[in-house]
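Trainee: Fold the following and give me the result.
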Amino acid sequence: MSLNRPILIATRGSALALAQSRQVQYHLQAAFPGERFELEVIRTTGDALQTSALADTGTPLPKGLFTKELELALLEGRADLAVHSLKDLPTELPEGLTLGAICLRADVREVLLYRDGVRVAAEKNPVAEWTPGSKERSGFGPSLSLEDLPEGAVVATSSTRRSALVKALRPDMTVVPIRGNVGTRLSKLLQDDGIDATLLAAAGLTRLGFDLSPKGALRADYRLSPAQRGMFDPPPEGILGTILEPEEFLPAVGQGAVALEIRTGDSEIGTRVKILNHFNTQQAVMAERSFLRGMGGGCQSPIAGYARVVGHQLQLRVAVFRDGVGRYEEDKAPVRDAERLGSRLAERVLAMAPS
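Mentor: Residues are numbered from 1 along each chain as shown. All right, here's what the predicted structure looks like:
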């Protein structure tokens with residue numbers, strides 16, 4: 001039976017948040033044509049801090065800054081569900097709220113992004129005057145890996161996990177902070193001679209209508225229709241990218257997954273959103289978040305984790321970084337034992353941690 005009113009979907013206003021919320025809206029509208037689903041754009045504390053002076057200090061933004069205003073809208077009845085990138089969502093939800101669905105997970109991998117060396121060479125001004133402290137603009141060829149970057153290269157990221165992974169793989173490299181939405185970060189990469197590369201989630205690039213050409217050029221996704229491409233700003237020209245596999249660069253807990261948060265006990269909305277729940281994704285991220293939750297009581301180190309269903313087993317691989325060294329652990333369990341799998345790995349890591 002129809003609710004006879006619009007169902008309000010709370011979302012952040014960034015291009016990426018809107019893209020994934022519109023996907024949720026589209027699928028819900030297709031499944032329930034008798035309902036009307038509307039987006040309610042809410043500015044979060046994290047969005048404000050991205051554009052404030054704090055964005056340039058390198059101080060990590062605490063969890064919850066991108067979610068708490070959306071959750072408040074749910075609790076106050078100003079929205080019926082909230083769409084989150086799961087990796088932004090704290091493992092402990094406010095009282096009165098629950099996860100109604102976890103959508104099919106997108107690509108969990110990371111992308112190493114850098115300037116196109118051919119384009120950089122073509123743009124160099126041979127009569128430009130050198131100034132003290134300036135650095136010659138770098139550019140590289142296709143299929144660049146982290147190992148291929150020159151000694152002392154500068155990678156820009158404000159993720160403590162990405163920073164720790166980069167430093168563990170290449171202690172000689174420098175990591176500097178970078179904030180802002182995806183478009184802002186790509187523009188900074190092109191314009192800032194002091195940055196050689198940055199790292200972004202493949203899922204985010206895909207949701208913004210980007211992909212990589214066979215030669216690694218970042219471009220508008222050719223598979224989209226002209227109308228679909230028109231919904232996104234094209235990426236800036238002159239950027240190449242290389243996909244980093246999870247075995248090489250372990251993703252964040254929940255990376256690539258979209259969560260739908262609702263009020264506890266709201267059966268009307270819960271019945272509708274559960275149609276978007278993807279069981280294998282749900283179990284995988286439950287294991288990852290259980291590990292992260294288990295580590296919360298005794299470890300402030302950067303953490304990575306990725307679980308996937310293989311046959312009837314759930315395989316979880318995690319990493320915890322301390323003093324530039326990463327400790328990797330993995331385990332497996334029946335798919336329905338997801339939470340126990342994560343907590344068991346957390347107990348193992350904490351038991352072996354130095355006092």
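Trainee: Kindly check the end-to-end length of stretch 5-24 for me.
Mentor: Start and end residues of stretch 5-24 are separated by 18 Å (C-alpha to C-alpha, to the nearest Å).
Trainee: Now name the helix or strand holding Arg289.
Mentor: Applying DSSP states H and E as the criterion places Arg289 in helix 279-295.
Trainee: Also Ala353?
Mentor: Applying DSSP H and E, one finds Ala353 in no helix or strand.
Trainee: Any idea how many residues pack against it?
Mentor: 14 (other C-beta atoms under 10 Å). To be clear about C-beta, it is placed using only N, CA and C from the backbone, and glycine gets the same treatment.
Trainee: Any figure for the gap between it and Arg327?
Mentor: Distance, Ala353 to Arg327, by C-beta to C-beta, to the nearest Å: 8 Å.
Trainee: looking at it, Thr174 is touching Val155, isn't it?
Mentor: Yes: shown here, Thr174 and Val155 form a contact pair, counting by C-beta atoms under 8 Å, at 7.3 Å.
Trainee: and those two? which has more neighbours close in?
Mentor: For Thr174 versus Val155, neighbours defined as other C-beta under 10 Å are more numerous around Val155 (23 against 15).
Trainee: ok, what's across the strand from that one?
Mentor: Assessed by DSSP bridges, Val155 has beta-bridge partners Val175, Ala197.
Trainee: Please identify the buried residues of stretch 303-321?
Mentor: By neighbour count with 16 or more other C-beta atoms under 10 Å, stretch 303-321 contains the buried residues 303-309, 314-321.
Trainee: any idea whether Gln29 is helix, strand or coil?
Mentor: Here Gln29 is recorded as helix under DSSP: H, G, I helix; E, B strand; the rest coil.
Trainee: Excluding residues flanking it in the chain, which one is nearest it?
Mentor: Once flanking residues are discounted, Gln29 sits nearest to Phe37: 5.2 Å by C-beta to C-beta, 6 or more residues apart in numbering.
Trainee: Kindly check the end-to-end length of stretch 189-198 for me.
Mentor: This stretch, stretch 189-198, spans 7 Å end to end (C-alpha to C-alpha).
Trainee: Also stretch 293-307?
Mentor: Stretch 293-307 has an end-to-end distance of 15 Å (C-alpha to C-alpha).
Trainee: Might you calculate how far that stretch sits from the centre of the chain?
Mentor: When distances are taken as C-alpha atoms, centre = their mean, to the nearest Å, stretch 293-307 is centred 16 Å away from the chain's centroid.
Trainee: pLDDT of that stretch, averaged?
Mentor: Averaged over stretch 293-307, pLDDT sits at 82.
Trainee: which other residues reach it?
Mentor: 91-92, 108, 160-161, 163-165, 246, 250-253, 255, 283-285, 287-288, 291-292, 314-322, 338, 341-343, 345-347, 349-350, 353 (C-beta atoms under 8 Å, 6 or more residues apart in numbering).
Trainee: Among the buried residues of stretch 303-321, which one sits closest to Leu205?
Mentor: Nearest to Leu205 out of the buried residues of stretch 303-321 is Tyr306 (C-beta to C-beta; 18.2 Å).
Trainee: can you pull out the helices in this protein?
Mentor: 15-31, 45-50, 68-75, 117-123, 160-169, 182-191, 202-207, 226-229, 267-273, 279-295, 338-351 (DSSP state H).
Trainee: Need the winner for burial among the ones you listed.
Mentor: Among those, judged by mean count of other C-beta atoms under 10 Å, the one packed with the most neighbours on average is helix 279-295 (a mean of 23).
Trainee: Which strand residues bridge Gly305?
Mentor: Gly305 has these beta-bridge partners by DSSP bridges: Val318.
Trainee: what about Met352, distance to Glu329?
Mentor: Met352 is 9 Å from Glu329, by C-beta to C-beta.
Trainee: now Gln23
Mentor: To Glu329, Gln23 is 34 Å away according to C-beta to C-beta.
Trainee: go on, Val108?
Mentor: 18 Å.
Trainee: Of those two, which one has the most company?
Mentor: Comparing Val108 with Glu329 by other C-beta under 10 Å, the one with more neighbours is Val108, at 21 against 16.
Trainee: ok, back up a step: take the helices of the chain and write them to a markdown table, including distance to Leu86.
Mentor: Output for these, formatted as a markdown table (distance: least, C-beta to C-beta, whole Å):
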| stretch | distance to Leu86 |
| --- | --- |
| helix 15-31 | 11 |
| helix 45-50 | 15 |
| helix 68-75 | 13 |
| helix 117-123 | 36 |
| helix 160-169 | 15 |
| helix 182-191 | 17 |
| helix 202-207 | 10 |
| helix 226-229 | 24 |
| helix 267-273 | 14 |
| helix 279-295 | 6 |
| helix 338-351 | 14 |
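Trainee: hey, least reliable of those by pLDDT?
Mentor: helix 45-50 (a mean of 67).
Trainee: Now Phe232: closest residue in space that isn't a chain neighbour?
Mentor: Here the residue nearest Phe232, using C-beta to C-beta, 6+ apart, is Gly209, at 3.6 Å.
Trainee: Likewise for Ala217?
Mentor: Once flanking residues are discounted, Ala217 sits nearest to Leu240: 5.9 Å by C-beta to C-beta, 6+ apart.
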